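S.K.: Output the structure for:
(3 chains, ligands or ions: 2)
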Amino acid sequence: MMGYLLIGTFLVLLLIGVPIAFVIGIVAFLGIVSIEYIPEMSVPMRMMNELNSFVLLAVPLFILVANLMNQGKISEKLIEFALAIVGSIRGGLAQANVLVSMMFAGVSGASQADTAGVGKILIPSMKRNGYDTETAVGVTAASSTVGVVIPPSIPMIIFAGITNASVGALFLAGIVPGILVSLAMMIFVYIIARKRNFERRERVKASTFFKLMFESLPALLTPIIIIGGIVVGFFTATEAAAVAAVYTLLISMFFYKTLKLSHLPKILFDTLSLSSLSLFALAAAGALGELMGYYQLGMKAQEFFTDNIDAKWIFIIITILFFLFIGTFMDAIPAMILFVPVILPTALQFGFDPVHLGLIVVMTLAIGLVTPPYGLCLLLAAKIGKLPIERSFRAVIPYMTIILVVLGVVAFFPEVAMYFPKLINPDLF
Amino acid sequence: MNKLVKYIERTQIVFGVTFLVIFFLTVLLQIVTRHLSISVIWTEEVANYSFVWAVFMGAAVMVNRRDHFNFDILQKKLGGKKKFFLNMLNDIILVLFNITILYFGIKVVQKFWDYNWTALPDMKMGYVWISIPIMAITMIIYSLSHMLKHFERFRKGEAQE
Amino acid sequence: GDEGSDSEGSSGEDSIKIIAAHNQTDPENPYQKGLLAFKEKAEAESNGKIEVEVHAGTIGTEESELVEKLKTGAADVVLVSPGFMTSTGIDQVDLFAFPYLFDSYDHWENVVTGEVGDKMANIINEESNNDFKLLGYWTAGVRHYYGKKPIKNIDDLQGMTIRTQTSGVVSDFWEEVGTVPTSVAWGELYQALQQDVVDSAENAYPYFVQQDHHQTENGKYITETAHDYTTRFLLINGNKFDKYTEEQQDIIMSAAETSVEAEWKSLHKQEEEYKGIAKEDGAKINQIDRQPFVDIAKPIQDKAAKEIGVEDLLEKIRNAK
Ligand code: NA
Ligand code: NA
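M.R.: Ligands and ions are numbered 1, 2, ... in the order given. Prediction:
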């Protein structure tokens, strides 16, 4: 009974426009008030305790990396290089859009920064070069979702924090599926580009190509430093984020010379803003998660599945559908804080490897980045392209289908994802 | 009121960014000292707690700037008086929620002020917990100033934002 | 909400509900076995008038959080280690975290079931103003070194980084031994050991083997240093306890006794089991002469005992061997 009341309150508050982080907090508070034996103090306490975790420090650090890349004009360098590689294919700008997102993904742990940084340049440029706005917005939003699938990835770090799975293994598991998504999108772009006769650019001269490659190299080394540093043990995943920030800062100040110390306050403030938005929502989700802990939802879910549905594949389909739904109106981080503990016991009982499960959850929630009403990448790209949300979403659907197909492959053929982590850490599994 | 709010926001931003920088540097220190085989055992705690401060201060500033994500379907549909009441209602809800956070936050501070940090026993947990009531009270101030603005605009008959 | 019954939580009435929580999510953990035994006994003896809800990490996976919950009443019975108790301002409990305080489980049992155990229970109760009342002493096993090379004598440890608890006495000891105590989050430790971020760590078999640390590059050599026969406090909120009827209090105390037995038994069994698993998986286990370590620990114990004012208790523990 109380449960329905809380869900009702949740929906009403959401509808009248209360910020979602506060809706979560208010519902948590009301729920805890309704349980006599839990003191109300638990709400602020859990909000702090939820944030008190070393792995979470990676969130602002990776956001800082992305902001430095955008401010330091590194994104622009990468776009030029991507254009030099794929620009001469038909639909070159769209191809470069996907390719640069893949590169960006290897440096950044979040997707929004990619949409913002790359979209700001490529959406107007695509429009000028004869692409319809739908394609420009759709490809920009959709291709940036690989930001959280290709390592490093903030959601993967959070998932590892919740489940104690190895961050390194999760990172390695994301490489192949992430590249698959990007490649599939490039093939799709190629097909529609031929059909609609999109532009193609002249092949750049070899000298230009190598010049651009040289200029992009320091930025493209970042993923190697991050992933390599974690794999050879120079630092932990959280520390890797800090190292990446220092590295990006250094190359943009001394190699690209695009960043001045006077830019730093603004970059730091932007980083604080963006990260405190999602982390405050996470803190509130922690309080709601605690309420669900008292309800022992995880145990109940496990009982439900063992009593009613004894098939692994049904469980995974339900999981995917559920997170697809949650992802439409909630950020990946609070969504995982709330619901991963609920599904984890069942998943373990069905024999899922936490790394495999993590990849499935992260990919599903990545789709949430482009589904309305709350899909950050979609909202950003639509805003840049000045396209209504409904039309933007329609433009995204074909790409979304691609991610879904790859997700299905990963879910039912775990080897696709698990090959790399097993190769490097054979004892792990 | 406007001036005061601006001043509070500025101060809060300075605090938030400072804590962000502190935890960033602490994480770096942890890496460096480990590779030099120097034992600095407090890095994790200092990093975590400055992080908590940074997030709570940042979250409050974001209330002032109305950047916390919300669904504006209804707000877009309504106009005039109805929109005014909806905006007021939203801010009242924020104020009420934050009053409870402030009240219970203060209780938490009182109850746990004397608890120690693990690696730095001379530091009190109170220094960490107090970030919660500070966040709540600034969020209340920001929301009240928003209500004042709605009201002024409504009185002047201007369209609500 | 509370799904029906209105009498839940309010004490002194017919039926009460007790929220019992520990921080381990593994359903096979000895903590879980212990609390389930507590639940079973309390519910059976009270004919269901006492309801016990056991939370295995569901309302907090950090001990500090559980202690806070115990104080605010968000949990009634929790399990805490000495290291975290000291953060509540009760310095004396740190005694039980001293390295090489005990030389065997027998020694440990003699102490916690004897005079020292009673005295510590009183200290905890008084210093916390009755927020915490001790129901029994549990253990999380005996902690050993595991790292990238086997330790044959103390010199082998020189300059190695070791992941240990961040409490003062513990890190003092490891520094004195010649190692570099390092802080790595438990969740990142597997990776840290696998990838050479830290050279070694220390823990009890059921904990590090369950996390597969013994399968890592820097965790496959186990040296049985036995530097810590760990103590865990099973605590109840004293103010709440006082409001229960005498009958309820008796039932809780006897259920606590049962839980102590169950937890010890399960822990000892698992210690054997997990040591066996480690061996099967190819980890190398060796013994070491502990005397040089004990010699290093002794002055540290003396100094720390003086600082926190438990010299008499330390003396009694040493005499209980
Ligand atoms: Na990434
Ligand atoms: Na893109």
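S.K.: how distant is the helix or strand where A:L15 lies from the center of its chain?
M.R.: Secondary-structure element containing A:L15, defined by DSSP states H and E: helix A:2-16. The offset between the C-alpha centroid of helix A:2-16 and the centroid of the whole chain comes to 27 Å, using CA atoms, centre = their mean, to the nearest Å.
S.K.: Buried ones in that helix, by neighbour count?
M.R.: A:L6, A:F10, A:L13, A:L14, A:I16 (16 or more other CB atoms under 10 Å in any protein chain shown). All C-beta atoms are positioned from the backbone trio N, CA, C, and that covers glycine.
S.K.: residues from chain C in reach of chain A?
M.R.: Applying CB under 8 Å from any CB of the partner chain, one finds that chain C approaches chain A through C:1-3, C:8-10, C:17, C:19, C:53, C:55, C:58-60, C:62, C:64-65, C:68-69, C:72-74, C:184-188, C:190-192, C:194-197, C:211-212, C:215-216.
S.K.: What about the residues you listed, which are in strands?
M.R.: The strands, defined by DSSP state E, take in C:K17, C:I19, C:E53, C:H55 from the residues of chain C next to chain A.
S.K.: so can I have CSV of the residues you listed showing pLDDT and neighbour count?
M.R.: Conversion of these to CSV gives the following (pLDDT from 0 to 100; neighbours: other CB atoms under 10 Å in any protein chain shown):
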residue, pLDDT, neighbour count
C:K17, 92, 18
C:I19, 94, 23
C:E53, 93, 19
C:H55, 92, 23
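S.K.: A:I7: what's it in contact with?
M.R.: Contacts of A:I7 were listed using CB atoms under 8 Å, 6 or more residues apart in numbering or on different chains, and none were found.
S.K.: Is any residue of stretch A:183-191 near ligand 2?
M.R.: No: looking at stretch A:183-191 against ligand 2 by CB under 5 Å from the ion, there are no contacts, and the closest approach is 9.0 Å.
S.K.: what sits up against that stretch?
M.R.: Stretch A:183-191 is touched from outside by A:86, A:89-91, A:94-95, A:98-99, A:139, A:142-143, A:398-399, A:402, A:405-406, with contacts defined as CB under 8 Å, 6+ apart.
S.K.: Try it again at 7 Å.
M.R.: Here stretch A:183-191 makes contact (CB atoms under 7 Å, 6 or more residues apart in numbering or on different chains) with A:89-91, A:94-95, A:98, A:139, A:142-143, A:398-399, A:402, A:406.
S.K.: Out of those residues, which is nearest to ligand 2?
M.R.: If you rank the contacts of stretch A:183-191 by distance to ligand 2 using CB to the ion, A:S143 comes first, at 3.5 Å.
S.K.: could you pull out the strands for chain C?
M.R.: C:16-22, C:50-56, C:77-80, C:132-138, C:142-147, C:161-163, C:180-182, C:200-204, C:221-229, C:232-237, C:284-286.
S.K.: quick check, the fifth one touching chain B?
M.R.: No: with CB under 7 Å from any CB of the partner chain as the threshold, strand C:142-147 lies outside contact range of chain B, at a closest distance of 14.4 Å.
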